[in-house]
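Asks: Take this sequence and fold it.
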Amino acid sequence: MPSYLRQLDLSEAQRDRGFEIMHGQAPAMREKVKAARSAEESLRKLVLSAEYTEPKARELSDDAARATADLSLARAKAERQIYDVLTVEQRSQLAKLKAAGKAPMDGRGADRRPPPGD
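Replies: Prediction:
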């Protein structure tokens, strides 16, 4: 589960439901990660090949973007399912954590803080 949820007082039932959500989506997420990596690798290989053309590069770039978008959407969906399990009070607390930069909720399931100075 996203690490910032540890700061909320989740009940055992909420933790169990979060576990079910995250582990239930694991096989599909793995496939989405593999598709995104494969699309990026295909584009990198094309750049160094004699078959490079702008249309081929654009097609592979579109494939990579679509795969990355699918992955981001799946992560966001899982986080939303977990969010739906929270109580009103926990949602309020989460909003405060987000405002303080302690729960970025970027669809990645982990804290993603910008580097110092940004």
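Asks: any idea how far residue 61 is from the residue of the chain positioned farthest from its centre?
Replies: For the chain, the residue at maximal distance from the C-alpha centroid (C-alpha atoms, centre = their mean) is residue 50, at 34.9 Å. From residue 50 across to residue 61, the span is 19 Å (C-beta to C-beta, to the nearest Å). Where you see a C-beta, it was placed from the backbone N, CA and C, and this is true even at glycine.
Asks: One more: residue 18?
Replies: If you go by C-beta to C-beta, the gap between residue 18 and residue 61 works out to 35 Å.
Asks: Neighbour count: the two, which is higher?
Replies: residue 18 (20 against 15; other C-beta atoms under 10 Å).
Asks: Please give the element, helix or strand, for that one.
Replies: helix 12-24 (DSSP states H and E).
Asks: How far off centre is that helix?
Replies: 17 Å (C-alpha atoms, centre = their mean, to the nearest Å).
Asks: Next: stretch 14-27.
Replies: For stretch 14-27, the distance to the chain centre is 14 Å (C-alpha atoms, centre = their mean).
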